[in-house]
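Student: Just need the structure, nothing else, for what follows:
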Amino acid sequence: MQQELSGTRPGHRRRRRSASEARLRALGTQAPSLPATALHALARERARRALGRGTLLAGAVLVVVLAGVQWFRPLPAPTFSRLAPAALVVPGHPPHLLWPASGAATVAVAGHATLSSPGSPGPLPVGGLARLMTAYVVLDDHPLAPGAGGPAIAVTGPALGAEAADESAGQPVVPLARGEVLDEQQALQALLVGSGDDVATLLATWDDGTVGAFVARMNAAARTLGMGRTSFTDPAGTDAGSRSTPSDLLRLARAAMALPALRAVVGLAQVTLPVAGVVYNLDGDVGHDGFVGIETGSDALAGGCFVFEALQAVGGQVVTVTGAILGVHAPSPTDDVLADAETLVDGALAALRPTAALPPGTRVGTLRTGWGAAAPVTVGGADTVLGWPGESFPLRLHLGPLGTGVRRGADVGTLSVPGADPGTVALHAGASLPGPSALWRLTRF
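Tutor: Model prediction:
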């Protein structure tokens, strides 16, 4: 009674499972077998479906990889399109200076153009300006610190003979005495301040043994300095074969004034020597109106000759004027050539005109990105050029390294103008350059 109430008996359940298994076996024996072609087709279908799932997965991985490569590829820097002109031209016509009535002259302001007198005469006698090359060669062989005396130089027979010959010919000399000893600085003072032609012979024989060997050195130095129309035949310039042009002598003047020891000597109004005593500089301009030297060389053959340098302030800037004058034939050639130099310096400085290079805010170009953003580039400060009317100054733009995003007002480069004050100003971005969109990053080529 209890077994009936609790359900089917255990033995009955085992009999039912055995019967079910028997029926399944019977069905299995009755089901027809699949042909081999069907089995192959089923296998191929299963393989095709597996391949499809693998291809989709590989494609998805490839898309993710390509998207990552596109996203993290370096972005191209902005490009710059220039609008500014290549050069700034000071408005107006070139200046007309009051040139010497005879001979030839050249004047230049450092950093600016060089102006020359009309016509192009050939090389002219240089007179005592040859002494400047003599001093240059001596200092090249025997450098001298400013204020230093240097090695001793004994007065020799050739120097005394030159003194007698020069004095009889009316050439300037500095009195020398047998047995006298000058140091190098004193000898240079006698040569350049006292205009001693005899001292030129003394220095030539001291430096290179003979006058001929020294003159060869002078001509070699001229070639090195690019003085292509210059030749020297003696160290003092008394010979007619010592010839040059004003433009060549400008090269010599600049090289000579770059030597501190020589610059110090030619700036002296007077010196005191052992035998000659006080000797005055024949360059009466030195120490006046900004003149700092450098050498006169007047005689009857060459006329008035002068190489000069002056420093003066113009428009808040100190400018250097260098010039050379040859062949001024006048009753008082030295006085006349000095006056001509003053006139040229005054005229050259008066003709200088301050001109704004490019006013602040002037657009000089455009920055463009590969994703279509653009921003103007403008001048960020005032720059003033001091130049002669008609003179041209190159405008140099330099763009610094630029990131992909540029903020409005950021410095993006510089504008420089040689000879300008201050010479270099900043360039600013006139607008912000946003970075690229996500779509551009992913679809760019």
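
Student: Break the chain into its domains for me.
Tutor: Per automatic domain parsing, the structural domains of the chain span 1-27, 32-73, 77-90+357-443, 113-351.

Student: Between these, which one is closest to residue 105.
Tutor: Among these, domain 113-351 comes nearest to residue 105, with 4.4 Å by C-beta to C-beta. In this view, the C-beta of every residue, glycine as well, is placed from N, C-alpha and C.

Student: The closest one - what's its average pLDDT?
Tutor: Averaged across domain 113-351, the pLDDT comes to 94.

Student: which residues touch the most centrally placed residue in the chain?
Tutor: Centroid check for the chain by C-alpha atoms, centre = their mean gives residue 418 as the closest residue, at 8.6 Å. Residues in contact with residue 418 (C-beta atoms under 8 Å, 6 or more residues apart in numbering) are 111, 393, 394, 396.

Student: Repeat the analysis, applying 10 Å as the threshold.
Tutor: Contacts of residue 418 were listed using C-beta atoms under 10 Å, 6 or more residues apart in numbering, and they are 111, 112, 385, 393, 394, 395, 396.

Student: mind checking the SS state of it?
Tutor: Of the three states, residue 418 takes coil under DSSP: H, G, I helix; E, B strand; the rest coil.

Student: Next: residue 221.
Tutor: Applying three-state DSSP to residue 221 yields a three-state assignment of helix.

Student: Now the residue lying closest to it once chain neighbours are set aside. Its backbone dihedrals?
Tutor: Distance criterion C-beta to C-beta, 6 or more residues apart in numbering; nearest residue to residue 221, sequence neighbours excluded, is residue 137 at 5.4 Å. Backbone dihedrals for residue 137, given as degrees, to the nearest 10, come out at phi -70, psi -40.

Student: can you pull out the helices in the stretch 301-445 of the chain?
Tutor: Assigned helices in the stretch 301-445 of the chain, in chain order: 333-351, 438-443 (criterion: DSSP state H, counting those that start in this stretch).

Student: winner for burial among these?
Tutor: When neighbours are counted by mean count of other C-beta atoms under 10 Å, the highest per-stretch mean among the helices of the stretch 301-445 of the chain falls to helix 333-351, a mean of 20.

Student: Just the C-alphas of that one, formatted as CSV.
Tutor: Provided in CSV are the C-alpha atoms of helix 333-351 (Å, rounded to 0.1, in the frame of the first residue of the first chain):
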residue,chain,number,x,y,z
PRO,A,333,95.5,119.4,-51.5
THR,A,334,95.6,118.2,-47.9
ASP,A,335,93.2,120.9,-46.7
ASP,A,336,90.9,120.4,-49.7
VAL,A,337,90.7,116.7,-49.4
LEU,A,338,89.9,116.9,-45.7
ALA,A,339,87.1,119.4,-46.5
ASP,A,340,85.8,117.1,-49.3
ALA,A,341,85.6,114.3,-46.8
GLU,A,342,83.6,116.4,-44.3
THR,A,343,81.2,117.3,-47.1
LEU,A,344,80.8,113.7,-48.2
VAL,A,345,80.2,112.5,-44.6
ASP,A,346,77.6,115.2,-44.0
GLY,A,347,75.8,114.5,-47.2
ALA,A,348,75.8,110.8,-46.8
LEU,A,349,74.4,111.0,-43.3
ALA,A,350,71.8,113.7,-44.2
ALA,A,351,70.5,111.5,-47.0
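
Student: Let me see the backbone angles for residue 358.
Tutor: Dihedral angles for residue 358 - degrees, to the nearest 10 - are phi -140, psi 120.

Student: for the closest residue to it other than its chain neighbours, what are its contacts?
Tutor: Setting aside the residues directly before and after it, residue 358 is nearest to residue 379 in space (C-beta to C-beta, 6+ apart), at 4.8 Å. Contact analysis of residue 379 by C-beta under 10 Å, 6+ apart lists 84, 356-364, 397, 415, 425-428.

Student: filter those to the buried ones?
Tutor: The neighbour count (16 or more other C-beta atoms under 10 Å) marks 84, 357, 358, 364, 397, 415, 425, 426, 427, 428 as buried among these.

Student: if I read this right, the fourth one contacts residue 88, doesn't it?
Tutor: No. At 11.8 Å, residue 364 does not count as touching residue 88 under the criterion of C-beta atoms under 10 Å.

Student: Tell me which stretches of the stretch 251-400 of the chain form strands.
Tutor: 270-273, 277-280, 291-296, 304-314, 317-328, 353-356, 363-368, 374-379, 384-387, 392-394, 396-399 (DSSP state E, counting those that start in this stretch).
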